[in-house]
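[1] Test case, fold it:
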Amino acid sequence: MADDLLVSIDMYLQSGIHIGAKFKTGFMEPYIYKIRPDGLCVLNIAKIDERLRMAAKLLAKYEPDKILVVCRRDNGHKAVKSFAKATGAKAIAGRYLPGTMTNPSFSGFTEPEIIVVSDPWLDKQAIKDAVRANIPVIGLCDTNNTTENIDLVVPCNNKGNKSLSLIYYILAREYLRNRGVIQKTTELDIPLKDF
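    Here you go, the predicted structure:
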């Protein structure tokens, strides 16, 4: 398994991408590897990697200006802005205003063809608008999230800044690789520390 991961197992472990919450929903049960003695859920790294790969391939079907990344959580603001900078996608770091995707008279109106939400609970208004506008949703989901109206679940720790940084770094790199913008072995111009 370790040889074909998107990044080294050590990078995944150091980021805490696999450390879930103490609460788990039935939606996220298939992605949980085990429950630690302290009650924290541990996500399956192979499934995280597989879903990140699927998300990047799905995003690569879209032009960068047709992708919207949303993150209300402070820990992810830098990561989503760096993702947008690296790929040319649009990002909303902070509060998503209702109508952004559904009200053409709204000053911040945008018409993405796909969105990525960093936490389905905090970014629920963006999901509501995406559903109304019939836009597919990729959701970064922790063990305590529900996955209604999420078209592609990426199981992960969606609360830690190291985890969110690594996720958006991988998504940006793999998006550019899948679109042929950079070679399959090339890293991003923007280093991980800037995510």
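[2] all contacts plus neighbour counts: C-alpha atoms, from now on.
    Fine.
[3] What pLDDT does the model give Met1?
    The score at Met1 is 46. That number is its pLDDT.
[4] what do you get for the one 4 residues further on?
    pLDDT recorded at Leu5 is 94.
[5] now Thr186
    The confidence metric pLDDT takes the value 88 at Thr186.
[6] What count of nearby residues applies to it?
    Using other Cα atoms under 10 Å as the criterion, Thr186 is surrounded by 12 other residues.
[7] what about the spatially most central residue of the chain, which SS state?
    Centroid-nearest residue in the chain: Leu140, 4.5 Å away (criterion: Cα atoms, centre = their mean). Counting by DSSP: H, G, I helix; E, B strand; the rest coil, the backbone at Leu140 sits in strand.
[8] List the residues that contact Ala84.
    Under the criterion of Cα atoms under 8 Å, 6 or more residues apart in numbering, the contact list for Ala84 reads Val69, Lys90, Ala91.
[9] Can you tell me which of these is nearest Asp119?
    Using Cα to Cα, Val69 is the member of these that lies nearest Asp119, at 11.0 Å.
[10] Quick check: which element contains the closest one?
    Here Val69 is covered by strand 67-71, with elements defined by DSSP states H and E.
[11] ok, what's across the strand from the residue nearest to the centre of the chain?
    On DSSP bridges, the residues paired with Leu140 through beta bridges are Val154.
[12] Direction-wise, compare the longest helix that the chain contains with strand 67-71 and give the angle.
    Longest helix in the chain, counting residues (DSSP state H): helix 161-178. If you take axes from the mean of the first three to the mean of the last three Cα atoms, to 10 degrees, helix 161-178 sits at 180 degrees to strand 67-71.
[13] Can you work out which other helices and strands pack against helix 161-178?
    Helix 161-178 sits against helix 9-15, helix 45-59, helix 77-87, with contacts defined as 3 or more Cα pairs under 8 Å, 6 or more residues apart in numbering; DSSP states H and E.
[14] Done for today, thanks.
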